[in-house]
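Student: predicted coordinates and the sequence they were generated for:
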Amino acid sequence: MPQEQEHLVQLLMDAQWWVRYRAAQALAITPFMSRPEVQERVAELPDRYAREMAHQVFLEIPVLR
């Protein structure tokens with residue numbers, strides 16, 4: 001995973017909901033990883049709020065590829 005995407009994954013665990021939301025939005029449209037790859041990485045996170053935010057945003061943003 002490129003360094004930028006890993007940083008976004010870490011931001012999914014931020015204390016602020018809006019930071020998690022924006023990080024999830026960025027991950028949802030990244031051209032460097034497929035949606036299943038991103039979902040697999042997010043599923044490994046220990047923070048349930050990060051997983052829930054990513055799931056919600058992935059429902060909002062369709063797969064573009």
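Tutor: Thanks, I have the structure now.

Student: in which helix or strand would I find the residue nearest to the spatial centre of the chain?
Tutor: Nearest to the geometric centre of the chain sits Ala24, at 3.6 Å (Cα atoms, centre = their mean). Assigned by DSSP states H and E, Ala24 belongs to helix 17-28.

Student: and that helix, average pLDDT?
Tutor: Averaging pLDDT along helix 17-28 gives 96.

Student: that helix packs against which elements?
Tutor: helix 3-11, helix 35-43, helix 48-60 (3 or more Cβ pairs under 8 Å, 6 or more residues apart in numbering; DSSP states H and E). Bear in mind the C-beta positions are built from the backbone N, C-alpha and C, glycine included.

Student: just want the angle from the last one to helix 35-43.
Tutor: What separates the directions of helix 48-60 and helix 35-43 is an angle of 160 degrees, with axes from the mean of the first three to the mean of the last three Cα atoms, to 10 degrees.

Student: relative to helix 3-11, how tilted is helix 48-60?
Tutor: 120 degrees.

Student: dump helix 48-60 to PDB, restricted to CA.
Tutor: C-alpha atoms of helix 48-60 as PDB (Å, rounded to 0.1, in the frame of the first residue of the first chain):
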ATOM      1  CA  ARG A  48     -15.000  -0.200  15.100                       C
ATOM      2  CA  TYR A  49     -15.700   3.500  14.500                       C
ATOM      3  CA  ALA A  50     -13.200   3.500  11.700                       C
ATOM      4  CA  ARG A  51     -14.700   0.300  10.200                       C
ATOM      5  CA  GLU A  52     -18.200   1.700  10.500                       C
ATOM      6  CA  MET A  53     -17.300   5.000   8.900                       C
ATOM      7  CA  ALA A  54     -15.600   3.400   6.000                       C
ATOM      8  CA  HIS A  55     -18.600   1.100   5.500                       C
ATOM      9  CA  GLN A  56     -21.000   4.000   5.400                       C
ATOM     10  CA  VAL A  57     -18.900   6.000   3.000                       C
ATOM     11  CA  PHE A  58     -18.400   3.000   0.700                       C
ATOM     12  CA  LEU A  59     -22.200   2.700   0.500                       C
ATOM     13  CA  GLU A  60     -22.500   6.400  -0.400                       C
END
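
Student: below-threshold pLDDT in this structure: ranges please.
Tutor: 1, 64-65 (pLDDT under 70).
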